[in-house]
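Asks: Here's my sequence, what's the structure:
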Amino acid sequence: MRKVFIWTTRIVAFIACLAALIWAVFLTMDMVSEHRIRAIAKRVPSAYVKVPSSTLVLDHVRVIDGTGAAPAEDQSIVIEAGKISYAGPRSKKPQIPEAKVLDLSGRTVLPGLVGMHEHLFMPAPSQSQQHLLVEQSTLFPLMYLAAGVTTIRTAGSIAPERDLAVKQKIDQGVAVGPEMFLTAPYLEGEPPTFPEMHGLANAQEARRAVDEWADRGMTSFKAYMHIGRVARSCQSCPFARTKDYGTSVPGRFPGSSRARHRQS
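Replies: Just a heads-up that it's a prediction; the model follows:
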């Protein structure tokens with residue numbers, strides 16, 4: 001019996017030590033990740049510039065202009081002060097002595113992509129009843145831009161203050177990311193589908209939410225799963241208020257796999 005007790009104690013101690021080690025590893029990973037994100041947030045836009053030059057020529061490129069026309073071969077693109085001043089045949093490009101010329105033979109250039117249903121959050125890695133989503137307003141703008149997405153329209157917000165702050169920094173040129181058109185916090189009834197969403201109690205509260213976030217610069221409002229509990233008459237009450245602002249209202253409702261969209 002004594003031996004059983006001793007071995008049981010040893011096994012329990014081993015399991016406790018292993019659990020503590022695993023917890024320490026995950027805690028260290030979280031600390032390293034947080035430190036890395038803070039470091040990325042402090043980077044100046046110039047840190048992302050590979051070729052510093054006020055005038056840049058992309059030479060010998062293939063251009064796909066997005067109109068459906070056939071790709072144009074051996075083209076040149078001239079960028080002056082951050083804007084495209086010429087795009088066309090290389091033989092007709094302007095001669096700019098001080099320009100930095102890059103031979104990009106074999107490379108293809110196309111217009112920046114426009115994302116119409118994007119988010120600045122993701123499912124939480126460790127989910128609970130109080131925590132299902134996590135904001136990524138630092139990394140996601142960089143990732144969108146790295147993937148060639150130069151304009152995005154978000155489709156619902158769980159951290160509107162942070163979304164507005166990062167948009168302002170990008171607009172001011174002190175942060176890097178795509179041009180952003182923001183959607184306000186979800187117009188969602190009670191109980192909210194996700195704990196990070198605010199459940200609206202009634203149509204009056206919905207109207208106040210529209211007024212507040214439209215005044216703050218949000219250009220869209222997303223009606224979500226339980227909005228019908230706020231306004232039973234075809235979800236009209238919150239939508240009607242958006243007409244005063246000329247905003248769009250995408251939506252996701254029970255019983256439909258497709259998001260509905262209404263332009264107000």
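
Asks: Spell out which residues make up each domain of the chain.
Replies: Domain segmentation of the chain under automatic domain parsing yields 55-110, 114-263.

Asks: In TSV: the ones you listed, plus distance to residue 35 and mean pLDDT.
Replies: Where C-beta positions appear, they are placed from N, C-alpha and C, glycine not excepted. Putting the domains of the chain into TSV (distance: least, C-beta to C-beta, whole Å; pLDDT from 0 to 100) gives the following:
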stretch	distance to residue 35	mean pLDDT
domain 55-110	32	95
domain 114-263	13	83
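
Asks: Please tabulate those in CSV, including the columns mean neighbour count.
Replies: Below are these laid out as CSV (neighbours: other C-beta atoms under 10 Å):
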stretch, mean neighbour count
domain 55-110, 14
domain 114-263, 17
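
Asks: Which of the ones you listed sits closest to residue 9?
Replies: Proximity to residue 9, assessed across those by C-beta to C-beta, is greatest for domain 114-263 (30.7 Å).

Asks: hey, where'd the helices end up in this structure?
Replies: Counting by DSSP state H, the segments of the chain that form helices are 2-41, 139-146, 160-172, 203-215, 236-242.

Asks: and residue 181, which of these is closest to it?
Replies: Residue 181 sits nearest to helix 160-172 of all the helices of the chain, at 8.7 Å, using C-beta to C-beta.

Asks: Against which helices or strands is that closest one packed?
Replies: Helix 160-172 makes packing contacts with strand 179-181 when contacts are defined by 3 or more C-beta pairs under 8 Å, 6 or more residues apart in numbering; DSSP states H and E.

Asks: May I have the strands that pair with the strand it packs on, each with its orientation?
Replies: Strand 179-181 sits in its sheet next to strand 149-154 (parallel), going by DSSP bridges.

Asks: Next up, the contacts around the residue most central in space within the chain.
Replies: The central residue of the chain, meaning the one whose C-alpha is nearest the mean C-alpha position (C-alpha atoms, centre = their mean), is residue 120 at 3.5 Å. Neighbouring residues of residue 120 by C-beta atoms under 8 Å, 6 or more residues apart in numbering: 135-137, 140-141, 154, 157, 159, 162-163, 166.

Asks: do that again at 7 Å, thanks
Replies: Applying C-beta atoms under 7 Å, 6 or more residues apart in numbering to residue 120 gives the contacts 135-137, 140, 154, 163.

Asks: Next: residue 139.
Replies: The neighbourhood of residue 139, defined by C-beta under 7 Å, 6+ apart, consists of 37, 40.

Asks: Distance check, it against residue 192.
Replies: Distance, residue 139 to residue 192, using C-beta to C-beta, to the nearest Å: 25 Å.

Asks: Then residue 3?
Replies: From residue 3 over to residue 192 the distance is 55 Å, taken as C-beta to C-beta.
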